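Engineer: give me the fold of what follows.
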Amino acid sequence: MPSSVRRDALILLAAVLLGVLYVASAGGNFPLDDSWIHQTYGRNLAQYGEWAFLPGVPSAASTSPLYTVVLAAGYTLGVPFRIWTHGLGILALALTGMIGARMAEQVLPKQRYVPLATGLALVVAWHLLWAAASGMETMIFCLFTLLLIWLGWRELQTRSQAAKSLILRGGIFGIAAALATLTRPEGVLLAGLVGLALLLARPNMTWRGIILWGGAAAVAYLIVLAPYLNFNLQVTGGLLPNTAAAKRAESAPYLARDYFWRLGNVITPLLAGGQLLLIPGMVAYVLMLLGVGRVDDGSTRLNFLKSFPMLILPLVWSAALILLYAATLPLEIQHGRYVIPALPTAIDSGVVGMAWLLQRSRASMIGRVLVRVVAISGALLFAAMALVVGLRAYVFDVGLINQEMVTPAMWIRDNLLPEDLLVTHDIGAVGYYAPRPLLDIAGLVNPEVVPLMQDPDGMWALMRARGAKYLMALDNQIPGRDPNDSRLCEVFTTSGEDAVRAGGSNMTIYALAWDGECE
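Structural biologist: Below is the predicted model:
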């Protein structure tokens with residue numbers, strides 16, 4: 001059996017065992033209300049053939065159309081949605097580890113165990129395990145980040161310069177880049193970075209080859225992406241889904257802060273793991289590229305000046321994504337989930353850099369001991385965070401969503417008339433378990449509320465004009481943030497202990513008394 005097959009089998013086994021442990025420990029549900037939004041879109045697409053959160057009302061609130069289609073396939077096939085969703089996440093985690101191992105092998109082909117160590121580091125990283133079991137598109141996008149860079153790296157090897165081959169390879173990259181963009185809009189940034197690096201490096205390519213490869217990539221990218229862009233233009237009048245404007249409006253207090261504060265806010269959640277001890281390895285990775293001058297791919301020695309723009313891409317992507325979110329959406333919520341896709345490339349580079357440091361430190365006993373202590377400590381920290389801290393965080397997050405989102409959704413299903421208009425900030429579990437007319441004050445499926453997010457009186461006026469009967473909200477989601485408002489008549493509260501222990505409030509359902517008199 002080839003060594004790469006054995007390595008892939010070990011990476012797959014680790015991903016499956018850890019992924020199943022996370023899912024089983026939390027009972028199979030999801031740690032985010034947004035996960036239920038994806039399920040609702042996927043189910044509606046499968047059952048009604050509509051791109052809609054509410055059947056009959058087209059909307060562009062899904063930030064990941066590819067994920068919606070994949071979830072819809074599970075519903076169409078009749079696979080239980082929890083098995084299908086978690087299976088997709090675990091498979092994406094395993095494939096991420098496998099591709100990461102191949103990238104490490106391309107940079108350090110003579111260090112036998114580095115590819116396996118890299119692949120295992122990726123599948124054991126607790127942020128990625130959390131993402132794989134989250135019911136979100138995050139892990140699939142992480143997979144695409146490594147895939148696009150790996151496809152670019154393959155051009156560093158001696159390959160056919162025949163027109164047919166160049167067009168085929170460019171087309172494959174373009175399709176992969178489009179699928180990445182359909183998974184997360186940030187995919188366009190990574191596609192552009194890979195294209196720029198290839199343009200700077202021109203590995204084994206003439207200008208004719210660059211034009212053929214790049215032209216094929218651009219055409220394939222636009223063909224795959226065009227239907228979704230056209231849908232957004234028709235529904236929202238723009239190229240991006242509703243969530244872009246809604247999330248920016250929600251993060252307005254963060255955007256008012258200094259940029260460096262925002263940068264720290266985005267980075268801090270990512271440091272809670274073994275990747276913290278890989279920072280010396282990331283620095284060493286850069287030094288390795290700058291100092292070695294040539295990198296051996298096993299058959300061809302690559303000129304440093306041509307390979308550097310491509311080989312530095314993993315760290316450039318990680319930095320670019322973090323800088324982008326610090327500028328546009330500097331939220332640290334849910335363990336930094338928006339910037340989790342910056343971790344796979346950083347971890348990959350960090351493990352490779354640590355391996356290079358281990359090799360270089362052999363000449364000095366002090367250096368050898370120091371580097372080995374850091375490397376071993378990093379490996380132990382990865383395992384401890386995955387099996388203890390990360391697992392506890394995931395179980396807590398799922399329990400919190402069960403208590404504060406799923407439970408009230410079930411109560412609404414069983415106690416409220418399906419035609420009564422419900423106002424809510426968290427639409428996911430309600431949309432899945434108790435579908436009904438909704439006014440979404442988070443602005444995901446009702447973009448008209450976005451200008452009113454900082455205008456409580458305007459929001460109340462809109463609610464009344466629409467004939468709203470009930471409001472489901474946490475204390476800080478009520479327009480004006482006053483749970484004692486005379487218009488609010490409490491009819492249900494979850495009384496969940498986890499939310500209170502975390503310093504929050506319980507999800508509460510209010511009947512709306514527009515005359516200020518509760519019955």
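
Engineer: make it CA atoms for all contacts and neighbour counts henceforth
Structural biologist: Fine.

Engineer: quick one: the helix or strand containing A375 to chain centroid distance?
Structural biologist: Assigned by DSSP states H and E, A375 falls within helix 365-384. With CA atoms, centre = their mean, to the nearest Å as the basis, helix 365-384 stands 29 Å off its chain's centre.

Engineer: give the other helices and strands that the helix or strand that that helix is followed by contacts.
Structural biologist: Per DSSP H and E, helix 365-384 leads on to helix 390-401 as the next helix or strand towards the C-terminus. Counting contacts by 3 or more CA pairs under 8 Å, 6 or more residues apart in numbering; DSSP states H and E, helix 390-401 is packed against helix 3-25, helix 126-132, helix 497-501.

Engineer: in JSON lines: those helices, plus mean neighbour count and distance to T424.
Structural biologist: Shown next, in JSON lines, are these (neighbours: other CA atoms under 10 Å; distance: least, CA to CA, whole Å):
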{"stretch": "helix 3-25", "mean neighbour count": "18", "distance to T424": "28"}
{"stretch": "helix 126-132", "mean neighbour count": "28", "distance to T424": "25"}
{"stretch": "helix 497-501", "mean neighbour count": "14", "distance to T424": "18"}
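
Engineer: any chance of those in a markdown table, plus mean pLDDT?
Structural biologist: Formatted as a markdown table, the helices and strands packed on helix 390-401 follow (pLDDT from 0 to 100):
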| stretch | mean pLDDT |
| --- | --- |
| helix 3-25 | 95 |
| helix 126-132 | 97 |
| helix 497-501 | 87 |
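
Engineer: H38: which of those helices is closest?
Structural biologist: Checking those against H38 by CA to CA gives helix 126-132 as the closest, at 14.3 Å.

Engineer: the next helix or strand after the closest one - what's its average pLDDT?
Structural biologist: Using DSSP H and E, the helix or strand that follows helix 126-132 towards the C-terminus is helix 138-154. Mean pLDDT, helix 138-154: 96.

Engineer: do stretch 249-266 as well
Structural biologist: 88.

Engineer: gap between that stretch and the chain center?
Structural biologist: 19 Å.

Engineer: what comes up buried for it?
Structural biologist: Residues of stretch 249-266 classed as buried by neighbour count (16 or more other CA atoms under 10 Å): A249, E250, Y254, L255, R262, L263, N265, V266.

Engineer: ditto for stretch 220-232
Structural biologist: A220, Y221, V224, L225, Y228, L229, F231, N232.

Engineer: repeat that for stretch 420-437.
Structural biologist: 421-437.

Engineer: this protein: strands as residue ranges?
Structural biologist: Here the chain has its strands, by DSSP state E, at 52-54, 57-58, 294-296, 301-303, 422-424, 438-440, 470-473, 488-493, 508-512.

Engineer: in a markdown table: the ones you listed, plus distance to G378 and mean pLDDT.
Structural biologist: Shown next, in a markdown table, are the strands of the chain (distance: least, CA to CA, whole Å; pLDDT from 0 to 100):
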| stretch | distance to G378 | mean pLDDT |
| --- | --- | --- |
| strand 52-54 | 43 | 86 |
| strand 57-58 | 48 | 76 |
| strand 294-296 | 26 | 45 |
| strand 301-303 | 31 | 45 |
| strand 422-424 | 43 | 95 |
| strand 438-440 | 44 | 93 |
| strand 470-473 | 42 | 96 |
| strand 488-493 | 44 | 95 |
| strand 508-512 | 43 | 96 |
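
Engineer: can I get the ones you listed in JSON lines with distance to G480?
Structural biologist: What follows is these, written out as JSON lines (distance: least, CA to CA, whole Å):
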{"stretch": "strand 52-54", "distance to G480": "27"}
{"stretch": "strand 57-58", "distance to G480": "29"}
{"stretch": "strand 294-296", "distance to G480": "60"}
{"stretch": "strand 301-303", "distance to G480": "62"}
{"stretch": "strand 422-424", "distance to G480": "14"}
{"stretch": "strand 438-440", "distance to G480": "16"}
{"stretch": "strand 470-473", "distance to G480": "12"}
{"stretch": "strand 488-493", "distance to G480": "12"}
{"stretch": "strand 508-512", "distance to G480": "15"}
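
Engineer: identify whichever of these lies nearest to W153.
Structural biologist: strand 301-303 (11.5 Å).

Engineer: ok, now how distant is A72 from P309?
Structural biologist: Relative to P309, A72 is positioned 39 Å away (CA to CA, to the nearest Å).

Engineer: which of these two has more neighbours?
Structural biologist: Between A72 and P309, A72 has the larger neighbour count (other CA atoms under 10 Å), namely 24 against 19.

Engineer: if I read this right, that one contacts L45, doesn't it?
Structural biologist: Yes: here A72 reaches L45: they are 6.0 Å apart, a contact under CA atoms under 8 Å.

Engineer: end-to-end on stretch 121-134?
Structural biologist: 19 Å.
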